[in-house]
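>>> Return a 3D structure for these sequence lines:
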Amino acid sequence: MSREGLGLKVLLPCVATVLSISGCAKDYSLAPSPSGEQVKIAIKVSEELEVTPLRVMYRSAICERVTHDGDGRPERLEGYNSIDVKLSRQNNGSLYEADLFVNGGGPCEWRLSNVLFEVSYRVPNRFGENVGSGGGGGVIVIFDHNDAQLRTSGLVKVKGADLTIIKDYYPWVKDSYSGGYIKRAGLAGEARSYLTYEAREARSVYFEAVLHSDYVVSSTAPKKHKVGEFITFQYPDGTIESDRRSEPNFKKMQEIRLKAEAEK
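You can find the predicted model right below:
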């Protein structure tokens, strides 16, 4: 079975922090049934953007892991098995897809816990030479009762078999001087971190990143960290703001674009 089908058998490292009660002899591999229930992940991006492989987390109540609390006492938690799954481009177009098994199988009886992915600039050279990728839009979809492996805020709970996410993004060109001058091009969206959804019933997840490439926001960080000095943002309408924000004002970006589109 292909990696895209999650048929890979992934053996977890047998280290102290992830040992089950039965020790290293246990088989931690994934072995989903070829006819098992699946979740379809579909992601649509423009030609300027790319999407990372899916980071897929499976958990098991059978193969527990042992950790320790703040007082050093052992604590048993559900075991985890994390793999990357490459998305398949459809008809050489803008849609990428992958199918994930709900039941990961194997002696541990793995079950799908969550999936994480990001979109970012493929090659941000439209903003100049030696411009690096500055990150972009991240999404986490949770399929069970467990928290995601990354701390996020603003969890959205969704019911039903279909989860559709369509979000606006804007080019964000960042100049920073930490450790030397660096220029990066990323995406500015409504979330400060990852958009996070709990969708336990979802069997179809569709995400579309709508890039408004004509509306660029830029930022310049102070060359030296001084009290009272903040990142300066320049918006597409020419306004300049410098306050305690570490990211562009998404609401302001939306208002600028919608006003400009209404005047056309």
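
>>> Tell me the first helix or strand C-terminal of the helix-or-strand element of the chain with minimal mean pLDDT.
Least confident helix or strand of the chain, by mean pLDDT, DSSP states H and E, is strand 132-133 with a mean of 88. Remark: after strand 132-133, the chain's next helix or strand is strand 137-142, criterion DSSP states H and E.

>>> Tell me the strands beside the next helix or strand after that following strand, with direction?
Sequence order places strand 156-157 as the next helix or strand after strand 137-142, per DSSP H and E. Paired neighbours of strand 156-157 in the sheet (DSSP bridges): strand 194-198 (parallel).

>>> How about residues contacting the strand it pairs with?
By CB atoms under 8 Å, 6 or more residues apart in numbering, the residues outside strand 194-198 that reach it are 116, 137-142, 148, 150, 152-158, 163, 165, 167, 189. For glycine as for every other residue, the C-beta is placed from the backbone atoms N, C-alpha and C.

>>> C-terminal to that strand, what's the next element?
Proceeding N to C from strand 194-198, the next assigned helix or strand is strand 204-211, under DSSP H and E.

>>> Low-confidence regions, the stretch 51-200 of the chain specifically.
Filtered on pLDDT under 70, the stretch 51-200 of the chain yields no residues whatsoever.

>>> what ranges do the strands span in it?
For the stretch 51-200 of the chain, strands defined by DSSP state E, counting those that start in this stretch occupy the ranges 54-68, 74-85, 88-89, 95-101, 103-105, 110-121, 132-133, 137-142, 156-157, 162-176, 182-188, 194-198.

>>> Would you format these as a markdown table with mean neighbour count and distance to Thr232 included?
Formatted as a markdown table, these follow (neighbours: other CB atoms under 10 Å; distance: least, CB to CB, whole Å):
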| stretch | mean neighbour count | distance to Thr232 |
| --- | --- | --- |
| strand 54-68 | 19 | 34 |
| strand 74-85 | 16 | 37 |
| strand 88-89 | 12 | 39 |
| strand 95-101 | 19 | 36 |
| strand 103-105 | 21 | 48 |
| strand 110-121 | 23 | 22 |
| strand 132-133 | 14 | 20 |
| strand 137-142 | 23 | 23 |
| strand 156-157 | 10 | 32 |
| strand 162-176 | 19 | 9 |
| strand 182-188 | 21 | 15 |
| strand 194-198 | 20 | 26 |
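
>>> what's the closest of the ones you listed to Gly228?
strand 162-176 (18.4 Å; CB to CB).

>>> Can you list the helices and strands that that closest one packs against?
Packing partners of strand 162-176 (3 or more CB pairs under 8 Å, 6 or more residues apart in numbering; DSSP states H and E): strand 137-142, strand 182-188, strand 194-198, strand 204-211, strand 217-220, helix 250-262.

>>> Out of the ones you listed, flag the one nearest Leu87.
Nearest to Leu87, of the helices and strands packed on strand 162-176 and by CB to CB, is strand 204-211 at 11.0 Å.

>>> Can you name every helix or strand that the closest one contacts?
If you count contacts as 3+ CB pairs under 8 Å, 6+ apart, strand 204-211 packs onto strand 38-44, strand 110-121, strand 137-142, strand 162-176.
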